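no sequence on this one, just coordinates:
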């Protein structure tokens, strides 16, 4: 079947489509139907089915005779460690950990916070919770104590599973003092903590509260899988809220299993046994969906990579991992490829490795500029597929469905809507806009399986944040347009569409133009306040390694590029060269924070910022452009 046939089959009979997809999952009790709409707009999927995530991700492959297949490849250039874990070994390790948790009182419905780096034990902790029907909440390892405390108070975990430390290039990040500080600050106190001691740092354990990972599991009875209802929460994942209060996205078990399993073949075009690598972190949604659950549910081999795209040890680390482990499908963020391109613009490291097993690269997490996609396609000789989704949705809203049909790639577009997603572009009044017009991107309800069910203990906030602005739709918070062929273009967050003298302009469109300049490795455009025009665009440019031309010349050329390709209406005159851009640890550029600095407004330091010092550098650059309030 072609993509149009598959999408049409979903649209004509969504119930039949999702019930058929559910047949690929092992159910303890088969659901009577797919969609439960009794409590609309809080829709649920497979609610009366009974199922277990860990069984579907681990045990069933062992039972099917695939126990010797590698489930997890751990590759850690920062600790010079590599090892493989078979499905059989993974089942035993997870069953033992689950048994130890159960012996300490963790049961179905209890919450467990996981605060760990990129080690296989992080996946084992997630799967052990799923085995018991406990609800895990993974918090990015090394998150500040205050932010961890906020999450402890929100989800009230019975237990916290943590590591003694994380390893970054050139430094050890001490997790245990952060964990101790968070527990001290929080009103809710966990019953106990389990600490995975790493050889790079052995942490002090609080007597009576903290248990060593290995000793904790000694002599326990392994736990069997506990069936849970289809609408039972699989996990809570916190995403940043505009109020500064994190939003706990709740993923339900049945829909999560069905959607992720469906996506592995239809979107990423991998078959059971193939090696799939998502270069992300378990603290982010990509780590949940496509390091841990998706590949394992589908019977793939997944890679847990502890390192960076550059500097561990060089810009060739991605290609080494792909070559050594025979990766078929690779998923990363555009910012990672831009970092590699900046260090190795001619792709000299790529030539050192055999990448014959690689069939496609997938990008998500932020807008993928055409220049980066073209560079990667030319260097790697495989399709580089931009696709678009969110923490809330858990899997792709729009993609090029390589496992169904390889559609033509249009640079700048994540291609077309996936089944389950009726994507529309709306004006402020909630009316659909014609093809080519920029507006707010929304998805007609109900959202498909695998997407958020609600926010943890915050149903009213869920409705207000996502459902109230456009009744009958989920508001994505992104702006863009759909072309005549049905291809979607994400141009900016809704907040990043700027108004220049009455003209609504996308900062993403300007970034596309700037990124095409041969000396520009990465860039960001923000809208800053202007008394005459309301807002003016301002560009930040990071240059490719080795460029030593006068910055003023490069800025002048960039200004001309925008004027030539977007027009004088953009009023693009302000730009400066900076060494780096402020980002979250997942690679998203903190444009909103940069706007607040430029406009002299107070702002809360983003909890997920990778390096706060960069904000001082941005403020200094803004002062050179005349923004004296940028302190």
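Thanks, I have it. Keep in mind that what you see is a predicted model, and the values were worked out from it rather than measured. Numbering: from 1, shown residues only.

what's the end-to-end length of stretch 77-94?
Terminal residues of stretch 77-94 lie 25 Å apart, using C-alpha to C-alpha, to the nearest Å.

now that stretch: buried residues?
Judged by neighbour count (16 or more other C-beta atoms under 10 Å), stretch 77-94 contains these buried residues: 77-78, 85-94. C-beta here means a position set from N, CA and C on the backbone, and glycine is covered the same way.

also stretch 506-520?
By 16+ other C-beta under 10 Å, the buried positions in stretch 506-520 come out as 506-517, 519-520.

what mean pLDDT does that stretch have?
Averaged over stretch 506-520, pLDDT sits at 88.

which outside residues touch it?
Applying C-beta atoms under 8 Å, 6 or more residues apart in numbering, the set of residues contacting stretch 506-520 from outside is 367, 369-372, 412, 438, 479-480, 490-492, 496-498, 522-527, 537, 539, 541-544, 547, 549, 554, 557-558, 561-562, 565-566, 570, 572, 575, 591.

closest to residue 182 out of the buried residues of stretch 77-94?
Nearest to residue 182 among the buried residues of stretch 77-94: residue 78, at 24.2 Å, using C-beta to C-beta.

contacting residues for the nearest residue to residue 239 once chain neighbours are set aside?
The shortest distance from residue 239 to any non-neighbouring residue, by C-beta to C-beta, 6 or more residues apart in numbering, is to residue 391 (4.3 Å). Residue 391 makes contact with 237, 239, 249, 284-285, according to C-beta under 8 Å, 6+ apart.

give me the subset of the buried residues of stretch 77-94 lying in strands.
Counting by DSSP state E, the buried residues of stretch 77-94 place 85-86 in strands.

among the buried residues of stretch 77-94, which are in helices?
87-94 (DSSP state H).

now pLDDT too, for those residues, in CSV please.
Compiled in CSV, these are given as follows (pLDDT from 0 to 100):
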residue, pLDDT
87, 98
88, 98
89, 98
90, 98
91, 98
92, 98
93, 98
94, 98
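
widest-spaced pair of the contacts of residue 391?
249 and 284 (11.6 Å).

so what does residue 490 look like in phi/psi?
phi -90, psi 110 (degrees, to the nearest 10).

repeat for residue 222
According to degrees, to the nearest 10, residue 222 has phi -60, psi 150.

one more: residue 112?
phi -130, psi 120.

repeat for residue 512
According to degrees, to the nearest 10, residue 512 has phi -60, psi -40.

any idea of the pLDDT on residue 493?
Reported pLDDT for residue 493: 71.

bridged to it, which residues?
Residue 493 forms beta bridges with residue 478, as assigned by DSSP bridges.

residue contacts, it?
Residue 493 neighbours (C-beta under 8 Å, 6+ apart): 477-479, 591.

walking through the stretch 51-200 of the chain, point out its helices one by one.
Applying DSSP state H, counting those that start in this stretch to the stretch 51-200 of the chain gives helices spanning 53-54, 60-61, 87-103, 120-132, 145-155, 175-185.

lowest average pLDDT across these?
helix 145-155 (a mean of 91).

which of the contacts of stretch 506-520 fall in helices?
In helices, defined here by DSSP H, the members of the contacts of stretch 506-520 are 370-372, 554, 557-558, 561-562, 565, 591.

would you show me how to pick out the buried ones of the residues you listed in PyMOL?
Buried residues within the ones in helices among the contacts of stretch 506-520, by 16+ other C-beta under 10 Å, are selected in PyMOL with:
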select buried, resi 370+371+372+554+557+558+561+562+591
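
most widely separated two among the ones in helices among the contacts of stretch 506-520?
Largest pairwise distance in these, by C-beta to C-beta, is 22.9 Å, between 557 and 591.

now tell me which helix or strand of this structure has the poorest mean pLDDT.
strand 503-506 (a mean of 70; mean pLDDT, DSSP states H and E).

buried stuff in stretch 392-408?
392-404, 407.

in strands, which of these appear?
398-399.

quick one: low-confidence ranges for the stretch 451-600 of the chain?
Where the stretch 451-600 of the chain drops to pLDDT under 70, the residues are 494-496, 501-504, 586.

actually the stretch 151-300 of the chain, sorry about that
Those would be 240-245, if you go by pLDDT under 70 across the stretch 151-300 of the chain.
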